[in-house]
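Visitor: Give me the fold of what follows.
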Amino acid sequence: MKDRIWTRSILNSPVLINNGCGLPDHAERFARRHPRATAKFLACLNSQRKKLTAAQNIRQALRYRDSGVDIEAGNELVSRIKPLAARTCAAHGDQVLGGVGGFGALYEVPLTRFPNPVLVSTTDGVGTKLKLANELAENESIGIDLVAMCVNDLIVCGAEPLCFLDYFATGALNLEQAENVLKGIARGCELAGCAMMGGETAEMPGMYRHGEYDLAGFAVGVVDKKNIIDASRVQAGDVILGLQSSGAHANGFSLIRKILQRNGNGNAVDLFAPFADHKTLGDMLLEPTRIYVKSLLRLLAEVEVAALCHITGGGLLENPPRVLPPGVVAEIHRANWQLPPIFQWLQQHGNLDETEMLLTFNCGIGMLAVVHPADCERAIALLEQAGETVFCVGKINAAEGPPRVVVVDTPSATARAQSQ
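Guide: Got it, this is the predicted structure:
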């Protein structure tokens, strides 16, 4: 039986409207006899039909796609990921025991190389650098950043990266965008020598603005127990080497974006303006984080390294104490390396003092390596052979209390000394 509903009549008498049958005959006659009431009558009729249509839609069968989740697109993305993942897994041979698409990633630890294996795990994201990447539609490099932020933490413990997994979340899956991000992740895994073994793609309608997404990365590495790098190796007199960064890496971008919102005239900064080395300002800011893993694994194989320190959030002031024992101070000689142009630009346009720069950014030094004085020259030579640019940025001194950083020879202090 067709749905029926009683509506108000124009003259306080009910008019039966059969949904889907047009106007009943008596309703047509009523409208002809009362032309002045026709408009009001039809408006009432139209309103009731809309209510009926809405009620019917509620009862109609829904699909997951109607909520904004496209399972077919998700399956297509997985099919595109598989060859990328396979390429990163090839170098690991039989250690990788499963492929993309399973419920878990399986990796057999090579006990011949690590007789007393200790697994090390890290997780990280890329922060608000994502906002800038979205604005410039540069999604591939951000995947490299994601891997770098995780594996550079692993190597600090002396661990060799084994496998990497990602979490990609968005409101509506854009296949091209997601594929580009995952291409970057695969490239990062190749640079780090780890296997891209899977991840999670979450499509969550209403959670993100159109075109926006979020990322998280998870890495697992292994180190033989006797080779774990901890603070016990550090002693007074050790030399601090600084490995050059590729730029801002993936830290301090909330401040960077604040600086970009204005310049000296209160206007937005042009990200497409030429900057240096045939690159735009946007290119320089989105330069992916340098991955130090292979260079440092080579160093660790030949030199006793007292400590490694990844310069992330907290900059050169807050990260070094995390790898130092009580009773020492890291003396950093700021004049021993030149502040790269991108950081000079940020300092100038943000009107940032030296302390704020050192607390927020890596200031051109993405990784520290603490070595014994007798190994210093050998360590520098090995790192340079591996393609790193190395500076001797300071030394370890004895001091009472908890570990801390003391910065000397800052450019401003040096300039004052020279003027006296």
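Visitor: Please report phi then psi for residue 186.
Guide: Here is the backbone geometry of residue 186 (degrees, to the nearest 10): phi -60, psi -40.
Visitor: Strands along the stretch 51-200 of the chain, start to end?
Guide: Remark: strands assigned in the stretch 51-200 of the chain by DSSP state E, counting those that start in this stretch are 117-124, 160-170, 195-203.
Visitor: Looks to me like residue 223 is in a helix.
Guide: No. With DSSP: H, G, I helix; E, B strand; the rest coil as the criterion, residue 223 is assigned strand and is not in a helix.
Visitor: Number the residues from 49 up from this point.
Guide: From this message on, residue numbering opens at 49, which makes the last subject residue 271.
Visitor: thinking again about what came up before, tell me which of the strands of the stretch 99-248 of the chain is the most buried.
Guide: The highest mean neighbour count among the strands of the stretch 99-248 of the chain, using mean count of other Cβ atoms under 10 Å, belongs to strand 208-218: a mean of 23. To be clear about C-beta, it is placed using only N, CA and C from the backbone, and glycine gets the same treatment.
Visitor: Describe which strands that strand pairs with in its sheet and in which direction.
Guide: strand 243-251 (parallel), strand 261-272 (antiparallel) (DSSP bridges).
Visitor: Which of these has the lowest mean pLDDT?
Guide: Comparing mean pLDDT across the strands paired with strand 208-218, the weakest is strand 243-251, with a mean of 90.
Visitor: Mind checking what secondary structure residue 427 has?
Guide: Three-state call for residue 427 (three-state DSSP): helix.
Visitor: now swap in the one 3 residues further on and tell me
Guide: The three-state assignment at residue 430 reads helix, by three-state DSSP.
Visitor: so how many other residues sit close to it?
Guide: Neighbour count of residue 430, defined by other Cβ atoms under 10 Å: 20.
Visitor: mind checking pLDDT for it?
Guide: pLDDT, residue 430: 97.
Visitor: Lowest-scoring secondary structure element of this structure by mean pLDDT?
Guide: Using mean pLDDT, DSSP states H and E, strand 52-55 stands out as the lowest-scoring helix or strand of the chain, at a mean of 38.
Visitor: can you pull out the helices in the chain?
Guide: Per DSSP state H, the chain has helices spanning 73-81, 86-107, 119-137, 177-183, 188-204, 223-240, 301-308, 329-334, 341-350, 363-366, 389-398, 402-408, 424-433, 459-467. These are given in chain order.
Visitor: Please identify the deepest-packed of those helices.
Guide: Of the helices of the chain, the one with the most neighbours on average (mean count of other Cβ under 10 Å) is helix 188-204, at a mean of 26.
Visitor: still on that earlier bit, export the helices of the chain to JSON lines and tack on distance to residue 269?
Guide: Converted to JSON lines, the helices of the chain look like this (distance: least, Cβ to Cβ, whole Å):
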{"stretch": "helix 73-81", "distance to residue 269": "77"}
{"stretch": "helix 86-107", "distance to residue 269": "52"}
{"stretch": "helix 119-137", "distance to residue 269": "15"}
{"stretch": "helix 177-183", "distance to residue 269": "24"}
{"stretch": "helix 188-204", "distance to residue 269": "4"}
{"stretch": "helix 223-240", "distance to residue 269": "9"}
{"stretch": "helix 301-308", "distance to residue 269": "26"}
{"stretch": "helix 329-334", "distance to residue 269": "27"}
{"stretch": "helix 341-350", "distance to residue 269": "9"}
{"stretch": "helix 363-366", "distance to residue 269": "23"}
{"stretch": "helix 389-398", "distance to residue 269": "30"}
{"stretch": "helix 402-408", "distance to residue 269": "28"}
{"stretch": "helix 424-433", "distance to residue 269": "20"}
{"stretch": "helix 459-467", "distance to residue 269": "37"}
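Visitor: Figure out which of these is closest to residue 442.
Guide: Relative to residue 442, the nearest member of those by Cβ to Cβ is helix 363-366, separated by 9.6 Å.
Visitor: CA atoms only for that closest one - export them in CSV, please.
Guide: Below are the C-alpha coordinates for helix 363-366, written out as CSV (Å, rounded to 0.1, in the frame of the first residue of the first chain):
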residue,chain,number,x,y,z
GLY,A,363,67.1,22.3,18.9
LEU,A,364,70.7,22.4,20.0
LEU,A,365,69.9,23.4,23.6
GLU,A,366,67.5,20.7,24.7
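Visitor: Sketch out the low-pLDDT regions of the stretch 99-248 of the chain for me.
Guide: 100-107 (pLDDT under 70).
Visitor: Where does pLDDT dip in the stretch 349-468 of the chain?
Guide: By pLDDT under 70, the weakly predicted segments of the stretch 349-468 of the chain are 458-468.
Visitor: gap between the residue located most distally from the centre of the chain and residue 217?
Guide: When distances are taken from the C-alpha mean of the chain, residue 81 lies farthest, 71.0 Å away, according to Cα atoms, centre = their mean. Relative to residue 217, residue 81 is positioned 62 Å away (Cβ to Cβ, to the nearest Å).
Visitor: go on, residue 341?
Guide: From residue 341 to residue 217 the distance is 26 Å (Cβ to Cβ).
Visitor: Residue 255 is nearest to which of the helices of the chain?
Guide: helix 177-183 (14.3 Å).
Visitor: In space, what's closest to residue 200 - neighbours in sequence excluded?
Guide: Once flanking residues are discounted, residue 200 sits nearest to residue 358: 4.6 Å by Cβ to Cβ, 6 or more residues apart in numbering.
Visitor: Quick check: bridge partners of the one you found?
Guide: Going by DSSP bridges, residue 358 forms beta bridges with residue 415.
Visitor: doesn't residue 410 make contact with it?
Guide: No. With contact defined as Cβ atoms under 8 Å, residue 358 does not count as touching residue 410 (9.3 Å).
Visitor: Counting neighbours, go ahead and name the busier of these two.
Guide: Neighbours were tallied for residue 358 and for residue 410 using other Cβ under 10 Å; the higher tally belongs to residue 410 (31 against 23).
Visitor: I'd like to know how far the more buried one sits from residue 294.
Guide: Taken as Cβ to Cβ, the span from residue 410 to residue 294 is 10 Å.
Visitor: and what of residue 377?
Guide: Taking Cβ to Cβ, one finds residue 377 at 29 Å from residue 294.
Visitor: The two: which has the busier surroundings?
Guide: Taking neighbours as other Cβ under 10 Å, residue 377 and residue 294 compare with residue 377 leading, 22 against 18.
Visitor: so residue 360 sits right up against residue 300, yeah?
Guide: No. With contact taken as Cβ under 8 Å, residue 360 and residue 300 are classed as non-touching, separated by 9.7 Å.
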